[in-house]
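Participant: have a look; sequence and predicted model below, questions after that.
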Amino acid sequence: MTKGRDLHIMLRVKAGNAGQFGRCHHPSGSDSNEIKMKKTVTVACHHEYGIPEDVVRVEDWELPTLAPNQVLVEMKAAPINPADINVLEGKYPIRSPLPEVPGNEGVGVIAQTGSAVSNLQVGRHVIVPDRVGSWCQAYVADADNLIPLPDNLPLEQAALLSINAATAWRLLEDFVNLSPGDWMIQNVANSAVGRFVLQIARFRGLKTVNVVRRQELISELQAEGADVVVTDEMPLSKQIRDLMDGADAKLGLNAVGGASASEIAKSLGDHGTLVTYGAMGLQPLQMGNGLLIFKDLRFRGFWINDWYKRAGNAAIREMFDQLSALVAAGKLKAPIEQTYPLADARSAVIHARRSHRKGKILFVMNEAQIKQEARDATH
């Protein structure tokens, strides 16, 4: 019997199903009692690295026995993030033993608690910071590792809190002291993180320059409160400086690399900071010596998983309290292009890899209930 080795998710692959596509058996309605009675759950997993849609599989894995300090979490929704695609390809720098359940964020509900758990009740919505292996019907976790959420959050948005929204929050909090009226610049502004950065910046009174690849995104982001939106034609830095009327930007956010990052760096004011948190362009940073010598720029990196390891529980909970309040108020929201059940993992991964998408691709583990809760949250 091969054990799933992820730090948080505790599942065991059924020997008879290893290497085969299983069938997805969803609980009827929102019946968590059925989850509690099940000894196996459906997961989307991979046993090897390669082309994502070719290596992702749907299988039934065994649930372990619930320990006194643990809870059973029934998953509700989980996104497909760029890092998840990299995991399937074998390009992500951190590798877990195979077979592995991908998914680095999502939202679930407590379906059962161990005898020693007193801080969480059945029915409470929760998320897990750091990697979880969230492409599953349910998982077992230590109760102390979970973050409880308010019940009034749309679950599709709650599923994006621990990586996408948290990354945006920390990028604006941890590197530069920003005051209302200060400028910042970001590329891939139409991504989930980019939109969250834009929305949080607007809430804080910051001015934003947002770089995108497609002309049709300009009016869309302007409608969300972007001060400046430009396409990434070169020389990008001249466009940006002209549109800021000569103002200095203190912070630049880079998730692409290559020429895009270099142009953002050139657009920063003296002593500005460029933070790299992604490498979607798969090109290395190339910075001229003059940016260091004459502008004294700072170049930093950020990975939310590392922040969780260093942050205390109080800081983590404080962040999620503020993010949850923004989501509940409708001030923090990412577009969702389409949702899929776990049984359609291959189709979901194919869709997530398409260019020119208009929003996130999510797995939903009980779509009828998700839609009903979304309707309830708006009334």
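Facilitator: All right, it came through fine. Residues are numbered from 1 along each chain as shown.
Participant: how far does the longest helix seen in the chain sit from the chain's center?
Facilitator: Criterion DSSP state H: the longest helix present in the chain is helix 313-328. Put simply, helix 313-328 sits 15 Å off its chain's centre (Cα atoms, centre = their mean, to the nearest Å).
Participant: what is the neighbour count of the nearest residue to Glu233 once chain neighbours are set aside?
Facilitator: Distances taken as Cβ to Cβ, 6 or more residues apart in numbering place Gln239 nearest to Glu233, at 7.4 Å, with adjacent residues excluded. For the C-beta atoms, the positions are set from N, CA and C on the backbone; glycine is no exception. By other Cβ atoms under 10 Å, 19 other residues sit near Gln239.
Participant: that older thread, list the helices and strands the longest helix of the chain packs on?
Facilitator: Packing partners of helix 313-328 (3 or more Cβ pairs under 8 Å, 6 or more residues apart in numbering; DSSP states H and E): strand 147-148, helix 166-173, helix 192-203.
Participant: tell me who's in contact with the nearest residue to Val43 once chain neighbours are set aside.
Facilitator: Leaving out its chain neighbours, the residue that sits closest to Val43 by Cβ to Cβ, 6+ apart is Cys136, at 4.2 Å. Listed by Cβ atoms under 8 Å, 6 or more residues apart in numbering, the contact partners of Cys136 are 9, 11, 41-44, 61, 75, 101, 103, 342.
Participant: what domains does the record give for the protein?
Facilitator: Listed domain ranges for the chain are 2-160+334-377, 164-305 (source: automatic domain parsing).
Participant: output the below-cut-off pLDDT ranges for the protein.
Facilitator: Filtered on pLDDT under 70, the chain yields the residue ranges 1-38, 131, 234, 282, 367-379.
Participant: closest to Leu326 out of the domains of the chain?
Facilitator: domain 164-305 (6.7 Å; Cβ to Cβ).
Participant: Lys309: which element?
Facilitator: For Lys309, the host element (DSSP states H and E) is helix 304-310.
Participant: the closest residue to Ile218 other than its chain neighbours: what's it in contact with?
Facilitator: The shortest distance from Ile218 to any non-neighbouring residue, by Cβ to Cβ, 6+ apart, is to Val229 (4.4 Å). Contacts for Val229 (Cβ under 8 Å, 6+ apart) come out as 189, 209-212, 217-218, 221-222.
Participant: okay, and which of these map to strands?
Facilitator: In strands, defined here by DSSP state E, the members of those are 209-212.
Participant: export the domains of the chain to JSON lines and tack on distance to Asp321?
Facilitator: Below are the domains of the chain laid out as JSON lines (distance: least, Cβ to Cβ, whole Å):
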{"stretch": "domain 2-160+334-377", "distance to Asp321": "9"}
{"stretch": "domain 164-305", "distance to Asp321": "11"}
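Participant: and those: which comes nearest Asn313?
Facilitator: Across those, Asn313 has its closest neighbour in domain 2-160+334-377 (8.5 Å, Cβ to Cβ).
Participant: about what we covered before: list the buried residues of the helix or strand following the longest helix of the chain.
Facilitator: Next in sequence after helix 313-328, counting helices and strands by DSSP H and E, comes strand 336-340. Neighbour-count burial for strand 336-340 flags 336, 339-340 (criterion: 16 or more other Cβ atoms under 10 Å).
Participant: same deal with stretch 211-220?
Facilitator: 211-213, 217-218, 220.
Participant: distance to Ala247 added to the residues you listed, as TSV?
Facilitator: Putting the buried residues of stretch 211-220 into TSV (distance: Cβ to Cβ, whole Å) gives the following:
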residue	distance to Ala247
Val211	17
Val212	21
Arg213	24
Leu217	23
Ile218	20
Glu220	24
